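Student: Structure, please.
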Amino acid sequence: MRGEAFYRNLFRLMNEHFIGLKFLAVVWEQDQALTRFANSRIHQNVAERKASLSVLATRGNKIALATSNDLTVPGLKALKEKLETMLEFATPLDYEFSLPEVSVGYPVENVAESLKKVFAEQRASVFDRMLKIAPNDVQLFGYVSDNVTENVIMSSNGTFLYQSFGGVSFNVVAMCDSASGYASGVAKSYEELSVDEKVERAVRFAKMSKNPVEIDPGSYTVILGPEAVSDLFMYFGWLCTNGYTHELKISPSAKYLGTKIGPSELNVYDDPTHPLQLPFVYDLCGKKREKMAIIENGVFKNVLYAHGAALRFNKKPTGHTFSLDDLDNSVPVNLVVDAANTPVEEILSNTKSGIYVNRFHYMNIVDPQEAIFTGMTRDGTFLIENGQLTKAVKNMRFNVKFFEFTQNIEAISKEIETVASEYFPQIAPYMKVQQFNFTSKTA
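Tutor: Residues are numbered from 1 along each chain as shown. Got it, this is the predicted structure:
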């Protein structure tokens, strides 16, 4: 880590060498390391340090964006020259643009001491814990990763914000013959990383998944694990919470915002303050991020506005600008599907018949207007008979209309987990849902 003092000096240099140019600048610097394992053996250790400076410049209602990994004075001068040329040939925007309001704040440091100096042996020790859980007939595949990131937001009108954060993540596929189980996890430090219970579950599911039976397509009662719940709500977050597409009336939110879409126990937030999240305190325009309800007591309550969309439609930005390449699009990066009050064991024991789904894969959007998603089950799908997981089920393809899915939620667990989703860590519970539609068998 370079630390805040280094970037304050960089800010001073930018103000000296970017005179006459209005700008918003974002610096990313990240140290990331990864240990991969396969067939229960470590086969790769990689580490990377990368830094980038992205500068958005504006003049005459035009904007230009350029990026460099050269933070020296010559690098800054070259970047300014490039921006000047780009602005000369840029097309004026179709809305009135302005830089974000000035934002200042104390430096925010969310890096655990144990992440400030990490070696491959630390990641290997996590893998050793996994090996002790897996019997000889189960092979493990996956990774353990750690990272420390520094992010700085600066502007010509006086914004200077420094935030650093770090995290540890893993995923593991347990294989027993051709049967598999899966788990993942994310935490702020190695000390907080929950490994044992999740790996035990992945191993148990792999051993239980031998000799799966086929069932007919149709609508079933399902219990979804946190990985599966996370997948569905990740797609909901990307497709349905963007204020830009909402204002254009090309998002499902145009139809469902403000309506009760599920039970009162359903609460979904973008929450950087949640103790299990990796907090993103400021967005890339320097907007302080607070806990924001997306679904509250079953009501689809809010959509999110990035800086550009807020300017276009005369809305207040909500702290969801995460790309200078696209100032219109917003995304909830600290998504939390909140817990309710029922223990998962009680949910299971009260289910006479149904299907348990550990996770999905190959998810996609079938109909963006109605939020219809498709995908397949994977790594742990079982019949539920008289409150128990019994026979493994061959993987099935599903089609689900999200806003019917939420109306069919019967129970939400009090247990929640942090999972390593495709883009950002997410927090999710178990859910019991009626009339979940499996459309076909898979090979």
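
Student: Can you list the buried residues in the longest strand anywhere in the chain?
Tutor: For the chain, the strand with the greatest residue count under DSSP state E is strand 41-59. Neighbour counts using 16 or more other C-beta atoms under 10 Å place 42, 53-59 of strand 41-59 among the buried residues. Bear in mind the C-beta positions are built from the backbone N, C-alpha and C, glycine included.

Student: Just give me the closest of those to Gly319.
Tutor: Using C-beta to C-beta, Leu56 comes nearest to Gly319 of these, at 17.4 Å.

Student: So which of the buried residues of strand 41-59 is the closest to Arg359?
Tutor: Using C-beta to C-beta, the buried residues of strand 41-59 come closest to Arg359 at Ile42, 24.3 Å.

Student: so what's the closest one bridging to?
Tutor: Phe37 (DSSP bridges).

Student: Tell me how the protein divides into domains.
Tutor: Residue ranges for the domains of the chain, per automatic domain parsing: 4-196, 213-443.

Student: Please identify the most buried of those.
Tutor: domain 213-443 (a mean of 20; mean count of other C-beta atoms under 10 Å).

Student: can you give me the helices for the stretch 201-350 of the chain?
Tutor: For the stretch 201-350 of the chain, the helices defined by DSSP state H, counting those that start in this stretch cover 226-240, 243-247, 253-256, 307-313, 344-349.

Student: So which of these is nearest Phe97?
Tutor: helix 307-313 (6.3 Å).

Student: What lies in contact with the closest one?
Tutor: By C-beta atoms under 8 Å, 6 or more residues apart in numbering, the surrounding residues in contact with helix 307-313 are 95-98, 100, 242-244, 247, 285, 287, 305, 315-318, 321, 326-330.

Student: before we move on, the earlier item: by contact count, what packs against the longest strand of the chain?
Tutor: When contacts are defined as 3 or more C-beta pairs under 8 Å, 6 or more residues apart in numbering; DSSP states H and E, strand 41-59 sits against strand 22-38, strand 62-68, helix 73-89, helix 120-133.

Student: can I get these in CSV with mean pLDDT and distance to Asn386?
Tutor: Below are the helices and strands packed on strand 41-59 laid out as CSV (pLDDT from 0 to 100; distance: least, C-beta to C-beta, whole Å):
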stretch, mean pLDDT, distance to Asn386
strand 22-38, 97, 38
strand 62-68, 97, 59
helix 73-89, 96, 66
helix 120-133, 96, 29
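
Student: Turn the ones you listed into CSV, columns for distance to Pro368.
Tutor: Shown next, in CSV, are these (distance: least, C-beta to C-beta, whole Å):
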stretch, distance to Pro368
strand 22-38, 29
strand 62-68, 27
helix 73-89, 32
helix 120-133, 39
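
Student: closest one to Gly158 among these?
Tutor: Here strand 22-38 is closest among the helices and strands packed on strand 41-59 (C-beta to C-beta), at 11.4 Å.

Student: hang on, the earlier thing: make a markdown table from the helices of the stretch 201-350 of the chain and add distance to Gly185 to it.
Tutor: Converted to a markdown table, these look like this (distance: least, C-beta to C-beta, whole Å):
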| stretch | distance to Gly185 |
| --- | --- |
| helix 226-240 | 10 |
| helix 243-247 | 32 |
| helix 253-256 | 31 |
| helix 307-313 | 33 |
| helix 344-349 | 17 |
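
Student: Export those as CSV, with columns for distance to Ile294 and mean pLDDT.
Tutor: What follows is those, written out as CSV (distance: least, C-beta to C-beta, whole Å; pLDDT from 0 to 100):
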stretch, distance to Ile294, mean pLDDT
helix 226-240, 7, 97
helix 243-247, 12, 98
helix 253-256, 10, 98
helix 307-313, 16, 98
helix 344-349, 23, 98
